[in-house]
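Enquirer: I'd like to go over a predicted model; first the sequence, then the structure.
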Amino acid sequence: MNRRAFEKLAIGISGALALFGCLILVFILVTVWMRGAPVLDWHFFTAPASGFGHDGGVRYQILGTVLLMTGAALACLPVALGSVLFSTEFVRSPRLKKNFRSLIYSLNAVPTVLFGLMGYIVFGVLLDTGVSWLTGTLILAIMILPTLHVSLLEAVESIPSHYREAGLALGLTPGQLIRSVILPHSMYGLVTGTLLGLARAAGETAAIMFTATVFSGVTVPRSFTEPVTTLQTHILVLAQEALDPNAVSQAWGAAFVLLMGVMVLIALALVWRTRLRMEAER
């Protein structure tokens, strides 16, 4: 096989694999839509659940999911930003940089159930936050830290070196350089990382199941120590009742709402990453 034929074969295989991946996504979307369509109406989005989730809607499940996602992003963003600026602007040793980043990236390899277990011990027991949305927020913030860190790191490292040199030549201090040069030109990475982190937080179940959520009986939390109900746990519990058609339909409807929320966040991340480019790339 000559080189040209080999390249055509490789391109064909790559295209087929990419098409296969797209078909899997389409199959999932169509399946969830068809199974959840019978319950998808305005009442389903705005009404509270009733009959232990067999009837009603998912109003409080949506609110609980949004609360945990938003809280996790707000808690994680300063830590991710600080860790990126520390490793890029203040650490000079290449070996230390490599070790520091390896520790951050290794968080992705930790099973989510261990995040939930350790988070409950540290936050729920030692810090006495109990089973609450605050505990879940802090656990999710740790889980999405690598996602935000990588996105911000890529944005900061892609800033041309002459931008920093020009700032230093003007007499800017490291703090002024960060505020005037680094942060404005890495904004697209900050927005993209936050949206992708939110998308990942929306899909987590094991980490918050026994630390932040309950299945029913709660509405909007009025304090930091109250639990919430979320779409993830709602789907999990209802899916176990396969013999009840109403429960299964409610589970598929909630799954569609959750899936659409994740898809919207990913789409927004792609749009923002395209539009919020650095001035040097325009």
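Expert: Happy to help now that I have it. None of the values given here were measured: they were computed from a predicted structure. Numbering: from 1, shown residues only.

Enquirer: how about the helices in the stretch 51-200 of the chain?
Expert: 59-85, 94-105, 112-119, 133-143, 145-157, 161-169, 174-177, 183-185, 187-202 (DSSP state H, counting those that start in this stretch).

Enquirer: which of the ones you listed sits most buried?
Expert: Highest mean neighbour count among those (mean count of other CB atoms under 10 Å): helix 133-143, with a mean of 26. From N, CA and C alone the C-beta is placed, and that goes for glycine too.

Enquirer: now the angle from that one to helix 187-202?
Expert: Counting by axes from the mean of the first three to the mean of the last three CA atoms, to 10 degrees, helix 133-143 lies at 120 degrees to helix 187-202.

Enquirer: what packs against helix 133-143?
Expert: If you count contacts as 3 or more CB pairs under 8 Å, 6 or more residues apart in numbering; DSSP states H and E, helix 133-143 packs onto helix 59-85, helix 112-119, helix 187-202, helix 206-209.

Enquirer: what does that helix contact?
Expert: 64, 67-69, 71-73, 75-76, 79, 107, 112, 115-116, 119-120, 123-124, 129, 200-201, 204, 207-208, 211-213, 221, 224-228 (CB atoms under 8 Å, 6 or more residues apart in numbering).

Enquirer: for that helix, list the C-alpha coordinates in CSV.
Expert: This file holds the C-alpha atoms of helix 133-143, laid out as CSV (Å, rounded to 0.1, in the frame of the first residue of the first chain):
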residue,chain,number,x,y,z
TRP,A,133,-26.7,22.0,49.4
LEU,A,134,-23.6,23.7,50.7
THR,A,135,-21.8,20.4,51.1
GLY,A,136,-22.8,19.4,47.6
THR,A,137,-21.6,22.7,46.2
LEU,A,138,-18.2,22.4,47.8
ILE,A,139,-17.8,18.8,46.6
LEU,A,140,-18.8,19.7,43.0
ALA,A,141,-16.4,22.7,43.1
ILE,A,142,-13.5,20.3,43.8
MET,A,143,-14.7,18.0,41.1
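
Enquirer: in CSV, list the helices and strands packed on helix 133-143 along with mean pLDDT.
Expert: Formatted as CSV, the helices and strands packed on helix 133-143 follow (pLDDT from 0 to 100):
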stretch, mean pLDDT
helix 59-85, 90
helix 112-119, 85
helix 187-202, 81
helix 206-209, 82
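
Enquirer: can you put these in a markdown table and add distance to Ile11?
Expert: Listed next are the helices and strands packed on helix 133-143 as a markdown table, based on distance: least, CB to CB, whole Å:
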| stretch | distance to Ile11 |
| --- | --- |
| helix 59-85 | 36 |
| helix 112-119 | 37 |
| helix 187-202 | 29 |
| helix 206-209 | 40 |
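
Enquirer: looking at these, which is nearest to Leu145?
Expert: In terms of CB to CB, the element of the helices and strands packed on helix 133-143 nearest to Leu145 is helix 59-85, at 5.5 Å.

Enquirer: residue contacts, Gly57?
Expert: His43, Phe44, Phe45, Thr46, Ala47, Pro48, Ala49.

Enquirer: now for the nearest residue to it once chain neighbours are set aside: which residues touch it?
Expert: Leaving aside its chain neighbours, Gly57 sits nearest to Ala47 (3.5 Å; criterion: CB to CB, 6 or more residues apart in numbering). By CB under 8 Å, 6+ apart, the contact list for Ala47 reads Gly56, Gly57, Arg59.
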